[in-house]
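# the sequence isn't on hand, but the structure is:
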C-alpha cells in the first residue's frame, strides 16, 4: 500500500480506496476498524464542541455547527 508523509503525518496516496486502507491499518479486522472510526468521531465531536464554546457569536455571524446531520447533509 502506497503511503506518503507530509508535515509529520502519514496518509494514503490519493488514488487508493480509503476503506481498503482503513481495513489494512487494522489487519483486515472490520470490527476493529469500525471501533477506531467511532473513537475518532467521538474525539472530533469533542474538539468541535470546544471550538463552538470558544467562538464568539459575531465571529461566526450566528452560524453554529450541528451535532448531527440533517437529511440534506447525508
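Structure's in. What do you need? Not measured: the values here are computed from a predicted model. Residues are numbered from 1 along each chain as shown.

# what about the helices in the chain?
Applying DSSP state H to the chain gives helices spanning 18-25, 30-54.

# so for the first one, mean pLDDT?
Pointing back at helix 18-25 there. Average pLDDT, helix 18-25: 88.

# same check on the last one?
Confidence for helix 30-54, expressed as mean pLDDT, is 90.

# for it, buried residues please.
By 16 or more other CB atoms under 10 Å, the buried positions in helix 30-54 come out as residue 33. Heads up, the C-betas are built off the backbone N, CA and C, glycines and all.

# just to revisit the earlier point, and the helices of the chain as JSON lines, adding distance to residue 68?
Formatted as JSON lines, the helices of the chain follow (distance: least, CB to CB, whole Å):
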{"stretch": "helix 18-25", "distance to residue 68": "22"}
{"stretch": "helix 30-54", "distance to residue 68": "10"}
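
# for residue 66, find the nearest of these.
helix 30-54 (9.9 Å; CB to CB).

# give the other helices and strands that that closest one contacts.
helix 18-25 (3 or more CB pairs under 8 Å, 6 or more residues apart in numbering; DSSP states H and E).

# mind giving me the packing neighbours of the helix it packs on?
helix 30-54.

# could you rerun that using 10 Å?
strand 9-12, helix 30-54 (3 or more CB pairs under 10 Å, 6 or more residues apart in numbering; DSSP states H and E).

# and the angle from that helix to helix 30-54?
Computed with axes from the mean of the first three to the mean of the last three CA atoms, to 10 degrees, the direction of helix 18-25 lies at 110 degrees from that of helix 30-54.

# re the thing from before, so can I have a markdown table of the helices and strands packed on helix 18-25 showing distance to residue 24?
Output for those, formatted as a markdown table (distance: least, CB to CB, whole Å):
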| stretch | distance to residue 24 |
| --- | --- |
| strand 9-12 | 9 |
| helix 30-54 | 9 |
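
# so which of the ones you listed is nearest residue 61?
helix 30-54 (14.0 Å).

# hmm, residue 19 is touching residue 28, no?
No - with contact defined as CB atoms under 10 Å, residue 19 and residue 28 do not form a contacting pair (11.7 Å).
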